[in-house]
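1. Okay, sequence plus prediction incoming.
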Amino acid sequence: MPSLDSTWLSATGVLIGILIFAFKVSLGSGLASLNRNEVHTIAACYLVISSIMGMAIGLIPEDMLGVALDAGVSMHIAIALLLVTMGVITARNWNHHHQDISRKTFWILSMPCPACLAATFISCSFLSKLLEIAPWKMGILVGSLFSIGIIAFSSALGRRRRSPSGMGNAMIFLGLFYILSILLIPAYLDFQKISIDFANLPATDMFCSYLLIVSFVALGFLGRMRGVSL
């Protein structure tokens, strides 16, 4: 049985994670200057989704959950590439043509993605067991925190009145962060399990690593040439 301090420490960490995802959603709705009703509608959608996930805890077999999470990671790669692509287009259209398309592309940041859905479900499940609260109640609590965070962050970002290229830059940054997390987190976990002899590292693996680094550098130069300032 975990101690009271460790229980609340773990719960606080999960709640901070929820607020981080709420901030990600707010980058789209806040920087696209959506009106209050539109922001509240998005926040209400996440409240409903969290409530449904809370009620679904215990109804989904664990093996099906594992398959769903693996599929979410695969979809996450496509979303990361979509974020980078649409971020470049959003920033370039404003910097070169003064055309604001942020209201057409904000949904990539604000709409539920596999990462948000998986994080919401895992948060509801983990907190429900940790704090011994009924799953449906925890779903409502997580959804309420998510919604309040979205409204608060969107309001704060909306008051800054940044140019639409700011949202494009945010999309590029998040897309690259997603790609790096997909590449580095599994590698870090494997590194914790086995010791690697770097002297005997295959040349093909080293070449792929250098190619990945060069690709990111080339992407940065391409962004500069296309008028994207990070």
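-> Perfect, thanks for sending it.

2. What ranges does this structure have for its strands?
-> Counting by DSSP state E, one finds no strands in the chain.

3. So, low pLDDT: which residues of it?
-> Low-confidence segments of the chain, defined by pLDDT under 70: 1-6, 58, 61-74, 115, 161, 182-230.

4. Tell me where it has helices.
-> Secondary structure of the chain (DSSP state H): helices at 4-31, 36-56, 62-97, 102-105, 107-110, 114-131, 135-158, 164-193, 203-225.

5. tell me the contacts of residue 43?
-> Contacts here follow Cβ atoms under 8 Å, 6 or more residues apart in numbering; on that basis residue 43 touches 146-148, 150-151. All C-beta atoms are positioned from the backbone trio N, CA, C, and that covers glycine.

6. Could you rerun that using 10 Å?
-> Contacts for residue 43 were tallied using Cβ atoms under 10 Å, 6 or more residues apart in numbering; they are 22, 25-26, 29, 110, 143-144, 146-152, 154.

7. List buried members of the residues you listed by neighbour count.
-> Buried by 16 or more other Cβ atoms under 10 Å: 22, 25-26, 29, 110, 143, 146-147, 149-152, 154, out of those.

8. Same list (those) but as CSV, adding distance to residue 80.
-> Formatted as CSV, the buried ones among the contacts of residue 43 follow (distance: Cβ to Cβ, whole Å):
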residue, distance to residue 80
22, 19
25, 16
26, 19
29, 20
110, 16
143, 25
146, 22
147, 25
149, 23
150, 21
151, 26
152, 26
154, 23
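
9. out of those, who's nearest residue 171?
-> Closest approach to residue 171 among those (Cβ to Cβ): residue 110, at 11.0 Å.

10. how far away is that closest one from residue 146?
-> Distance of residue 110 to residue 146, computed by Cβ to Cβ, to the nearest Å: 12 Å.

11. residues shared between the contacts of the two?
-> Taking Cβ under 10 Å, 6+ apart as the criterion, residue 110 and residue 146 both touch 25, 43, 45-46, 116.

12. ok, of those residues, which one's closest to residue 172?
-> Residue 172 has its nearest neighbour among the shared contacts of residue 110 and residue 146 in residue 25, at 17.2 Å by Cβ to Cβ.

13. How about the contacts made by that closest one?
-> Contacts of residue 25 by Cβ under 10 Å, 6+ apart are 39, 42-43, 45-46, 106, 109-113, 116, 146-147, 149-150, 153-154.

14. what's the burial count for residue 30?
-> 28 (other Cβ atoms under 10 Å).

15. Let me see the contact set for it.
-> Under the contact definition (Cβ under 10 Å, 6+ apart), the residues listed for residue 30 are 23, 39, 106, 109-110, 150-160, 162, 167, 170.

16. Would you mind confirming that residue 90 makes contact with residue 101?
-> Yes - taking Cβ atoms under 10 Å as the definition, residue 90 is a contact partner of residue 101 at 5.8 Å.

17. List the residues that are in contact with both of these two.
-> Common neighbours of residue 90 and residue 101 (Cβ under 10 Å, 6+ apart) are 32, 164, 167-168.
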